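got a predicted model here, sequence first, then my questions.
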Amino acid sequence: MRKVVTKAIFPVAGLGTRFLPATKSVPKEIMTLVDRPLVQYAIDEARAAGIKEFIFVTSRGKGALEDYFDNAPQLEQELRKKGKDELLEVLKSTNMDSGEIAYMRQHKPLGLGHAVWCARRLIANEPFAVILPDDVIAAEKPCLQQMVEAFQETQSNIVAAMEVPDDQASAYGVLDVKEDMGSIVSTNGLVEKPKPGEAPSNLAVIGRYILTPSVLQKLNKKRSGAGGEIQLTDAIADVLRDGEDVYGYRFEGQRFDCGSKAGFLRATVAFALEREELRDDLWSYINDIVHADKAAQ
């Protein structure tokens, strides 16, 4: 019987220190990219891929994230009274039904692998997805949907992968490629943050995963890896050594690293330019800046 992916883990326990002072009181995941929080992009992508159960691994100070997905009766009533039906529908689309979403607390920042392990009891013995909201991917067909379709064929572990310059590979988990089959590559292993010049390829793992329950069993060992943290890529490499297949998936789309200020700004410009009501004004402003800069030179 072919297995189906219906559960997704969203590790959102990080403190977002690169965005201080904003993240002193606002969780990074609900900082807005144009007019939608980062986490909303992740939720929409998961829904498009057929995810039915959404598991958030949080930490202290993330109450605003939980409130975001709750109903807002007073606001809905005000919009309804003023006849703002379009805004009302937008608001309702952010609500999550009772039982659809769960929250787990990660008490100590012990790494991505540990965050995923915290959700183990809600996953049980099923394949599951992991989505990092920091990685926002603009794609005609959502990235996780592409991966779910690939999983339907492979029924094996799949990690999203993209090519990066050689001098940037040490910032990522990197695939040791066994066979390159185009959009899908089979692997010999994964290396977390290899030393400069020692990366086995330039295919880097980014924040989308479809994993088997065996990965959670490996995470039970709580083995520390790079940076003294429990690394998800180490557990994936362990199941590969045990004989399970692990595939890299070259997704179609553009990834923005919204965990960095520069990446967040690039994403804001790119997503705003895709909006018909914003495009002309923004292009005009960008052109004015460019021409002013050239004139100054």
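That came through fine.

could you give the bridge partners of Asp176?
Beta bridges link Asp176 to Gly189 when assigned by DSSP bridges.

surely it and Ser186 touch.
No. Here Asp176 lies out of contact with Ser186, judged by Cβ atoms under 8 Å, at a distance of 10.3 Å. C-beta: built from backbone N, CA, C; applies to glycine.

quick one, strands of the protein?
7-11, 32-33, 36-37, 53-58, 101-105, 128-131, 135-138, 157-163, 173-180, 184-192, 203-211, 246-250, 254-257 (DSSP state E).

export those strands to a markdown table and tack on distance to Ala72?
Listed next are the strands of the chain as a markdown table, based on distance: least, Cβ to Cβ, whole Å:
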| stretch | distance to Ala72 |
| --- | --- |
| strand 7-11 | 21 |
| strand 32-33 | 16 |
| strand 36-37 | 14 |
| strand 53-58 | 19 |
| strand 101-105 | 15 |
| strand 128-131 | 24 |
| strand 135-138 | 24 |
| strand 157-163 | 33 |
| strand 173-180 | 39 |
| strand 184-192 | 41 |
| strand 203-211 | 29 |
| strand 246-250 | 37 |
| strand 254-257 | 28 |
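
tell me which of those strands lies nearest to Glu66.
Glu66 sits nearest to strand 101-105 of all these, at 6.2 Å, using Cβ to Cβ.

against which helices or strands is that closest one packed?
Strand 101-105 is packed against strand 53-58, with contacts defined by 3 or more Cβ pairs under 8 Å, 6 or more residues apart in numbering; DSSP states H and E.

so what are the sheet partners of the strand it packs on and their directions?
In the sheet, strand 53-58 lines up against strand 7-11 (parallel), strand 101-105 (parallel) (DSSP bridges).

nearest to Ile230, out of these?
Across the strands paired with strand 53-58, Ile230 has its closest neighbour in strand 7-11 (11.8 Å, Cβ to Cβ).

would you mind writing the CA trace of that closest one as CSV?
The C-alpha trace of strand 7-11 is given here as CSV (Å, rounded to 0.1, in the frame of the first residue of the first chain):
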residue,chain,number,x,y,z
LYS,A,7,1.4,15.7,8.3
ALA,A,8,3.9,18.5,8.3
ILE,A,9,6.2,19.8,11.1
PHE,A,10,7.0,23.6,11.2
PRO,A,11,10.1,24.2,13.4
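
tell me the mean pLDDT over that strand?
The average pLDDT within strand 7-11 is 96.

that one vs strand 203-211, what angle?
130 degrees (axes from the mean of the first three to the mean of the last three Cα atoms, to 10 degrees).

dump stretch 23-32 to CSV, restricted to CA.
This file holds the C-alpha atoms of stretch 23-32, laid out as CSV (Å, rounded to 0.1, in the frame of the first residue of the first chain):
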residue,chain,number,x,y,z
THR,A,23,11.7,40.1,17.2
LYS,A,24,11.9,41.2,20.8
SER,A,25,8.1,41.1,20.8
VAL,A,26,7.1,39.8,17.4
PRO,A,27,7.9,36.2,16.4
LYS,A,28,10.0,36.2,13.2
GLU,A,29,7.5,33.8,11.5
ILE,A,30,4.8,36.4,11.5
MET,A,31,6.9,39.3,10.2
THR,A,32,5.2,40.3,6.9
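
and the pLDDT for the residue lying closest to Leu273 once chain neighbours are set aside?
Closest residue to Leu273 apart from its sequence neighbours, by Cβ to Cβ, 6 or more residues apart in numbering: Arg279 at 5.5 Å. pLDDT, Arg279: 92.

just put the strands of the chain in a markdown table and tack on mean neighbour count and distance to Leu144.
As requested, those are exported to a markdown table (neighbours: other Cβ atoms under 10 Å; distance: least, Cβ to Cβ, whole Å):
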| stretch | mean neighbour count | distance to Leu144 |
| --- | --- | --- |
| strand 7-11 | 26 | 8 |
| strand 32-33 | 14 | 17 |
| strand 36-37 | 18 | 17 |
| strand 53-58 | 22 | 12 |
| strand 101-105 | 15 | 17 |
| strand 128-131 | 25 | 6 |
| strand 135-138 | 21 | 9 |
| strand 157-163 | 23 | 8 |
| strand 173-180 | 19 | 18 |
| strand 184-192 | 20 | 15 |
| strand 203-211 | 24 | 6 |
| strand 246-250 | 23 | 10 |
| strand 254-257 | 19 | 13 |
